[in-house]
Each structure stands twice: as C-alpha cells, then as structure tokens.
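Undergrad: What follows is a predicted structure for the sequence shown.
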Amino acid sequence: MAGPLSHVRVLDLSRVMAGPWAGQVLADLGADVIKIERPGVGDDTRGWGPPFLKAADGTSAHDAGYFLATNRGKRSLTLDLTKPEGQEIVRALAARSDILLENFKVGTLARFRLASTDLQQVNSRLIYCSITGFGQEGPKAPNVAYDFMIQAMGGLMSVTGEEDGRLGAGPQKVGVPIVDLMTGMYAVVAVLAALARREVSGQGDYIDLAMLDVQANFLANQAMNYLLSGVTPRRYGNGHPNIMPQQVFKCRDGDIVLAVGNDGQYQRMCHAINRPDLAADERLVRNAGRVRHRDELLGLIAQIFAGWKRSDLVAALDAAGVPCGPINSVPEVFEDPQVKHRGMRIDIPHPTAGKVPQVASPLRFAQAPLHYERPPPLLGEHSLQILRELGMDDAKIEALRKAQII
C-alpha cells in the first residue's frame, strides 16, 4: 500500500537541516520529493564529516552522516539556479508540484524570478514554504542564521545547563540541532495544513517560517512562567522548575533519571524504595511543597539511590509505575529491547555502498504503512530521470550538461 502522501509532489530547494528535515518527513509519508542541488557540489552537508558512508569495497568515502540523516526518500536533480535555463526547469517543476520548500536568504530567489509570486503565477495551487532564520521582514531578516546561534538568541541556552553555583555551571546548547529539527516539523505541519485548506479553497498559499519565531514558541512552559510571574527563568541543570522530583541520580553502578510527574507517583516511589516516612511527610505530600523543599528532598533521594544497584532500582520503580530510566549512550539506545522491537534502526539498499543505515520514522499508520525503498540520493542521481519526465529528449539533456546547467 502507498504512503498517505503518495499523491503529493514536493520540490525541495532547501539545504543543510531544517528544510531537508521537513522534506524527509514528507518523503517518509510517501511524497515524491525532488531535491535541487548545486552541480558538482550539492548540499553543504554532503561534506560535513567524518564520518562518511563508504563504498561497498570499503575504499572511497561518499556522503557524510549529516546528509544521510536528512535526505532519505528523495530524488536528486542538479541545477544551476543562477542560469536562466536552470530557473526555467524550476518553473516547470513548480508547475507540477504541490509543495515547495526553500531556505535561501531573503530576496535571493526573487532575483532569479523564483519567488512565491513568480511561481504561483504558473501554479496557483502551489504551497510555497520559505524557511529563514528571522523571517521575511524585520531588522534581522537579511541575516544568516544557524541552529546554535538561534538556541542562544531564542532563550533556550539560558534555561539549559547546570545551575549557577554548581560544578560545570553555565549555558549549554542541546546536543542535537533542536531548532532546525523543530523548524522542520513546524514546516511539515504548515504545509499539510495548507494542503488541507487547498482541498476546500482550491488555492495554494505562502508560508513565512522563521527559526527565531519557532524557538520563541517552544520555550513553552518556561515562557509562560515568565509571562505570568515576571521572574526570569534560570537553569536548573537536569532538574525541573515546576515538578519535583525530576533529576539525575547516581546509583552504585550508573546513573538514572527519575521523572516523577504527580503526587501519586511520588507516593509510590517512596514505598518502592522502602521510605514510607517520606510519603507521610506533610511538607512533601503535594508537588508545590516538594518544589519549595527542593534541595532537601533531592539530597535525601540522592543518598538513598546511591546505595542501590541501577538495574534493581529501575525494576523496583517500574513495578511501582514510577517513570524512570537509565541514561543510555547512543549505542545503548539502539540495543534497547523496546527500540529494537519497534524497528527504529533500518537498512536501505544503496547503489554504491550496498546498504545504508537509517533511523525509521516514528509515524505508524494502520491503513497506509510507510516504506523505505529509496536511500539518500547520490548527487544528481535522478537528473536524467526527472528531466525526461519533463519531456526533454537526450539531446537537450546533453546540451544542459555541457553548459554545466545540470
């Protein structure tokens, strides 16, 4: 059975992370995603390594892991967008596409006559999504942005990292490019919402998506804490500003995360670790009291957990229905029985490497299951195929190749 978006065509003019992540999600859902890349160079992330994918004989390096993480399921067409012939091919592709993704600097595509107003003249049903650091308007609109700087500017790093006064205190970025990833996901939500609206209106749309807007939005509870109280949120390390106890604790042989989320779970935790006195302490019965007595409670739990073997403690808390888990390394994640059972690591046949490892989509559909048949493409791998679909003959394609348009 075909994926739920098998009827949708996507023209992906984006590079690096946020746009390509959106394109990969759409490809996983079954859309035909055509990735436009610079001839001879391709997406910047093809070279963002090591590590690199190696050929089946183990000799030559191919694309970097960064590229392979965000471009599964797409077809690659190389085009020089600075040339009129390349621009004309984009217009021809836009005329037969449902969605366009791009993350060029503000004004760049307008100079090539490939802005939304240009392409919606050839396809009024086109959904055109522009992803930038700061949006199409405002004092910073022309500026280039990367995930790291937006984590800083958008407040995320101010609430991430060990709290002041403790060893290693200071702001920290998240260990994955979370703003890029969240922007990619918001892009998917936006284009699918526009697609649903088009079913009613018959009209396409233009989406102006800014990474800084996304980061400000997903400050979430931290933003609301400030807006309600006027108090500047601060770093709590691995703790939580509003819920207790949530923290990392050391056992005899490793670390554990405890994530108590309500008063009932706190009661069950106390009994699971044989400390009914903590369950009966009136100061700690309610979450608000536990937050007020945060340091005292965390110190007590740390002393208790230090005497436990990690696997025994996890088993005891699991049996009591208390959320907890070991801090796994990335290799341990893919050895976790639950992750294995869910089939999150997959391997896709690759034309030169034999196969390429991938992390499966978390989306599961009963009526339209996802299939992973197309690996991240080689640079320009599908150029000939796509241009023939546009009706070009071999002589025209060869002329484009000689002129270095493709």
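TA: Cool, got the structure.
Undergrad: Who are the contact partners of Leu209?
TA: 129-132, 135, 183, 186-187, 190 (Cβ atoms under 8 Å, 6 or more residues apart in numbering). (Glycine included, C-beta is placed from N, CA and C.)
Undergrad: Paired strands for the strand or helix carrying it, with orientation please.
TA: Assigned by DSSP states H and E, Leu209 belongs to strand 205-210. According to DSSP bridges, strand 205-210 forms sheet pairs with strand 127-132 (parallel).
Undergrad: So what's the gap between the partner strand and the chain middle?
TA: 17 Å (Cα atoms, centre = their mean, to the nearest Å).
Undergrad: give me every residue that touches the closest residue to Gln404 other than its chain neighbours.
TA: Excluding its sequence neighbours, the residue lying closest to Gln404 (Cβ to Cβ, 6 or more residues apart in numbering) is Pro39, at 6.0 Å. Neighbour list for Pro39: 78-80, 380, 404-406 [criterion: Cβ under 8 Å, 6+ apart].
Undergrad: hmm, 7 Å instead?
TA: Pro39 makes contact with 78, 80, 404, 406, according to Cβ atoms under 7 Å, 6 or more residues apart in numbering.
Undergrad: Domain map for the protein?
TA: Domains of the chain are assigned by automatic domain parsing as 9-217+343-402, 246-327.
Undergrad: if we compare those domains, which one ends up closest to Thr232?
TA: domain 9-217+343-402 (8.1 Å; Cβ to Cβ).
Undergrad: Report the mean confidence score over that closest one.
TA: In this model, domain 9-217+343-402 carries a mean pLDDT of 96.
Undergrad: coming back round to it: please identify the most buried of the domains of the chain.
TA: domain 9-217+343-402 (a mean of 18; mean count of other Cβ atoms under 10 Å).
Undergrad: gap between the two ends of that one?
TA: End-to-end distance of domain 9-217+343-402: 28 Å, with Cα to Cα, to the nearest Å as the criterion.
Undergrad: Identify the residue spatially nearest to Asn20, adjacent ones excluded.
TA: Wrong residue type there; residue 20 is Pro, not Asn. Nearest one to Pro20, counting by Cβ to Cβ, 6+ apart, is Thr70 at 4.1 Å.
Undergrad: In contact with that neighbour, which residues?
TA: Counting by Cβ under 7 Å, 6+ apart, Thr70 has contacts 17, 20-21, 24.
Undergrad: Go again with 10 Å.
TA: 14-25, 43, 45, 177, 180-181, 184, 376 (Cβ atoms under 10 Å, 6 or more residues apart in numbering).
Undergrad: Same question for Gly168.
TA: 161-162, 237.
Undergrad: hey, where'd the strands end up in the chain?
TA: Shown for the chain, the strands assigned by DSSP state E span residues 9-12, 32-37, 52-54, 61-64, 74-78, 99-102, 127-132, 205-210, 246-251, 254-259, 324-326, 345-350, 354-359.
Undergrad: Of all those, which one comes closest to Glu335?
TA: Of all the strands of the chain, strand 345-350 comes closest under Cβ to Cβ, at 9.7 Å.
Undergrad: Okay, now the sheet partners of that closest one, with direction.
TA: Sheet pairing for strand 345-350, using DSSP bridges, gives strand 354-359 (antiparallel).
Undergrad: and the contacts of Thr70, which of them are in helices?
TA: The helices, defined by DSSP state H, take in 18-25, 180-181, 184 from the contacts of Thr70.
Undergrad: How far off centre is stretch 30-38?
TA: Counting by Cα atoms, centre = their mean, stretch 30-38 comes out at 18 Å from the chain centroid.
Undergrad: for Asp213, what are its contacts?
TA: Counting by Cβ under 10 Å, 6+ apart, Asp213 has contacts 132-135, 150, 154, 183, 186.
Undergrad: before we move on, what about Val214?
TA: Val214 neighbours (Cβ under 10 Å, 6+ apart): 18, 131, 150, 154, 178-187.
Undergrad: swap in Pro51?
TA: So Pro51 contacts 61, 64-66, 68 (Cβ under 10 Å, 6+ apart).
Undergrad: Pipe those into TSV and attach distance to Gln172 per row.
TA: Below are the contacts of Pro51 laid out as TSV (distance: Cβ to Cβ, whole Å):
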residue	distance to Gln172
Ala61	31
Ala64	24
Gly65	23
Tyr66	21
Leu68	26
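Undergrad: Tell me the one among the residues you listed nearest to Pro323.
TA: Gly65 (31.5 Å).
Undergrad: show me the contacts for the closest one.
TA: 45, 48-53, 356-357.
Undergrad: ok, of the residues you listed, which one's closest to Asp277?
TA: For these, the nearest to Asp277 is Pro357 (49.8 Å; Cβ to Cβ).
Undergrad: Now do the residue nearest to that closest one when sequence neighbours are not counted against Glu332, distance only.
TA: Using Cβ to Cβ, 6+ apart and skipping residues adjacent in sequence, the residue nearest Pro357 is Asp347, 5.5 Å away. In this view, Asp347 and Glu332 are 19 Å apart by Cβ to Cβ, to the nearest Å.
Undergrad: OK, contacts around the closest residue to Ala61 other than its chain neighbours?
TA: Counting by Cβ to Cβ, 6+ apart, Ala61 lies nearest to Phe52, which is 3.8 Å off, once chain neighbours are set aside. Applying Cβ under 10 Å, 6+ apart, we find Phe52 in contact with 46, 60-68, 353.
Undergrad: got the contact list for the residue nearest the centre of the chain?
TA: The residue lying closest to the centre of the chain (Cα atoms, centre = their mean) is Leu181, at 2.5 Å. Residues near Leu181 by Cβ under 10 Å, 6+ apart: 17-18, 21-22, 70, 147, 174, 214.
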